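A.B. asks: output the structure for:
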Amino acid sequence: MAKTKTHTRFVCQQCGRVSASYMGKCPQCGAFDSMLEEVVHDESTVKKSAANVRGLSGRSEPQPISKVGGEAEERVPLAIGEFARVLGGGIVPGSIVLVGGDPGIGKSTLMLQMAMEMAKTQKVLYVSGEESERQIKMRAVRLNDKKLPEQLLLVTETSLEVILNHVRASQPDLLIVDSIQTVYLSEIDSSAGSVSQVRECSSQLRELAKSSGVSVFMIGHVTKEGNIAGPRVLEHIVDTVLYLEGDRFQAYRLLRSVKNRFGATSEVGVFEMREGGLSEVTNPSEAFLAERLVNAAGSSIAVTMEGTRPILVEIQGLTSPTQFGNARRTANGVDFNRLLLITAVLTRRVGLKLAEQDVFVNVVGGIQIDEPAADLAIAAAIASSWKDLPVKADVVFIGEIGLAGELRMPSQMVARLKEAQKLGFKTAIVPKAIRVGEAYPKGIEIIEVRSLDQALDVALKKS
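C.D. replies: Predicted coordinates:
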């Protein structure tokens, strides 16, 4: 009988790097005191036989690609429209989805709402490693005081072997694991939440999904940097990665797709946190502009693309004489380095004296804007505050700013203009089109400019 050998290794809990000896600082990710010791059992080659080889479909037989079924898989409809939009139109049977977000942002609430909706037509197994069945029942009653669905099964368990036994016994159509960092395999000596446990548990749940057709949703903790805790390979294992974003002190939550094998990436669903849980916002542009103060200096409207959806947001800028030697730059909702670039262009190319001004920029509603198409709106808000001249209330700004002060055309311009027109805006200041593409929509005045200086002259012209 072959013996099983054991040895120890040190694994970084942030990036998964393996080292034979302990190191205070991980050389790969730079994290301090993240190397934990793990005991590894070397499997004997006698045990490794063809019968033990695991596959996603339970078999390993090559076949011609022409004979592989290519029909589109029927998606399971989801009553929560914003959730279905982010997933690409519904839940794909046999898919595995990872949902991450900051503590208290509403991950468990959203998944329980989805579970109760799906339990009306399918059998759902909700596995929690952090809360008891009573706690989940109390939240379910708060979210839906009507009759609770009978096909929603609850269990509190952290052992993956026991969870898989429950799946085989109950035969659910949908499995929700809250959270993957609390689940462990007894054959691995490291504690729950370690790199080895998270990687192996996720791999086995993926095999369950692909071989049985059960849709699996996993909730994942995030690190202080905002990334999902555990090895980076965790995001490669799953089919879809969703992040629930937003400020806990704001009412709005954004469910953002950063990876989706069955739909568009960077798609966004907008929710509002209310007493009865997360309520979907079908028209986020109107919601973000609801409390806007019209004709106020330092306010402009940007049209940003979140996935395939154009969203109008209000950008506020404020300049104030600095009281210290160095002027401050504060960005909330926009990239800080992008703000530095825009203020530098305004100072050098437009002639605004911002070197002795503190500059503050805020995106209303708690949304985070990453694309450069909002550059022109940010610059207009700063210039409006510096000159103390309001921008017209029915004007939107679309354009990327270059270092020479020129404006560049962003993508999907027609979709942005149609959304602005639908919300009643009469004028759009955009870069001058060099390439002739799709015709602009009628009913909205298009002012094409080549430089930032020209755009600000038009936007801040006294009527």
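
A.B. asks: counting neighbours, what do you get for the residue nearest to Arg348 when sequence neighbours are not counted?
C.D. replies: Nearest residue to Arg348, sequence neighbours excluded (CB to CB, 6 or more residues apart in numbering): Gly405, at 7.9 Å. Heads up, the C-betas are built off the backbone N, CA and C, glycines and all. Gly405 is flanked by 18 other residues according to other CB atoms under 10 Å.

A.B. asks: isn't Gly405 up against Val345?
C.D. replies: Yes: judged on CB atoms under 8 Å, Gly405 makes contact with Val345 at a distance of 5.6 Å.

A.B. asks: partner strands of the lowest-mean-pLDDT helix or strand in the chain, with direction?
C.D. replies: The weakest-scoring helix or strand in the chain, judged by mean pLDDT, DSSP states H and E, is strand 35-42 (a mean of 74). Partners of strand 35-42 in the sheet, by DSSP bridges, are strand 5-12 (antiparallel).

A.B. asks: now the strand it pairs with: buried residues?
C.D. replies: Neighbour-count burial for strand 5-12 flags Phe10, Val11, Cys12 (criterion: 16 or more other CB atoms under 10 Å).

A.B. asks: again, but for stretch 386-399
C.D. replies: Applying 16+ other CB under 10 Å to stretch 386-399 flags Trp386, Pro390, Val391, Lys392, Asp394, Val395, Val396, Phe397, Ile398, Gly399 as buried.

A.B. asks: how far does that stretch stretch from start to finish?
C.D. replies: By CA to CA, to the nearest Å, the extent of stretch 386-399 from end to end equals 20 Å.

A.B. asks: how far is that stretch from where the chain is centred?
C.D. replies: Centroid displacement of stretch 386-399 relative to its chain, using CA atoms, centre = their mean, to the nearest Å, is 30 Å.

A.B. asks: then stretch 420-434?
C.D. replies: Chain-centre distance of stretch 420-434: 28 Å, with CA atoms, centre = their mean.

A.B. asks: same check on stretch 108-125?
C.D. replies: Relative to the centre of its chain, stretch 108-125 is centred 21 Å away, using CA atoms, centre = their mean.

A.B. asks: same question for stretch 351-368.
C.D. replies: Centroid separation for stretch 351-368 versus its chain: 25 Å, with CA atoms, centre = their mean.

A.B. asks: quick one: average confidence on that stretch?
C.D. replies: Summarised as a single mean, pLDDT over stretch 351-368 is 92.

A.B. asks: buried residues in it?
C.D. replies: Using 16+ other CB under 10 Å as the test for burial, stretch 351-368 gives 352, 354, 357-368.

A.B. asks: JSON lines for these, including distance to Asp453 and secondary structure?
C.D. replies: Converted to JSON lines, those look like this (distance: CB to CB, whole Å; DSSP: H, G, I helix; E, B strand; the rest coil):
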{"residue": "Leu352", "distance to Asp453": "10", "secondary structure": "coil"}
{"residue": "Leu354", "distance to Asp453": "15", "secondary structure": "coil"}
{"residue": "Gln357", "distance to Asp453": "19", "secondary structure": "strand"}
{"residue": "Asp358", "distance to Asp453": "23", "secondary structure": "strand"}
{"residue": "Val359", "distance to Asp453": "18", "secondary structure": "strand"}
{"residue": "Phe360", "distance to Asp453": "23", "secondary structure": "strand"}
{"residue": "Val361", "distance to Asp453": "20", "secondary structure": "strand"}
{"residue": "Asn362", "distance to Asp453": "25", "secondary structure": "strand"}
{"residue": "Val363", "distance to Asp453": "24", "secondary structure": "strand"}
{"residue": "Val364", "distance to Asp453": "27", "secondary structure": "coil"}
{"residue": "Gly365", "distance to Asp453": "30", "secondary structure": "coil"}
{"residue": "Gly366", "distance to Asp453": "32", "secondary structure": "coil"}
{"residue": "Ile367", "distance to Asp453": "28", "secondary structure": "coil"}
{"residue": "Gln368", "distance to Asp453": "29", "secondary structure": "coil"}
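
A.B. asks: from those, pick the one nearest Arg328.
C.D. replies: Nearest to Arg328, judged by CB to CB, of the buried residues of stretch 351-368 is Asp358 at 4.4 Å.

A.B. asks: what bridges to Thr319?
C.D. replies: Counting by DSSP bridges, Thr319 is bridged to Val359.

A.B. asks: next, count neighbours for it.
C.D. replies: When neighbours are counted by other CB under 10 Å, Thr319 registers 26.

A.B. asks: right, and it touches Ser384 too?
C.D. replies: No: the pair Thr319 / Ser384 is not scored as a contact, 9.4 Å apart, by CB under 8 Å.

A.B. asks: what sits in contact with each of these two?
C.D. replies: Residues touching both Thr319 and Ser384 (CB atoms under 8 Å, 6 or more residues apart in numbering) are Gly298.

A.B. asks: which elements pack onto the lengthiest helix in the chain?
C.D. replies: Longest helix in the chain by number of residues, with DSSP state H as the criterion: helix 195-212. Identification of packing neighbours for helix 195-212 by 3 or more CB pairs under 8 Å, 6 or more residues apart in numbering; DSSP states H and E yields strand 5-12, strand 96-101, helix 160-170, strand 174-178, strand 215-220, helix 233-237.

A.B. asks: got the ones you listed as TSV, with distance to Leu254 and mean pLDDT columns?
C.D. replies: Putting the helices and strands packed on helix 195-212 into TSV (distance: least, CB to CB, whole Å; pLDDT from 0 to 100) gives the following:
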stretch	distance to Leu254	mean pLDDT
strand 5-12	30	79
strand 96-101	10	93
helix 160-170	30	95
strand 174-178	20	96
strand 215-220	17	95
helix 233-237	19	83
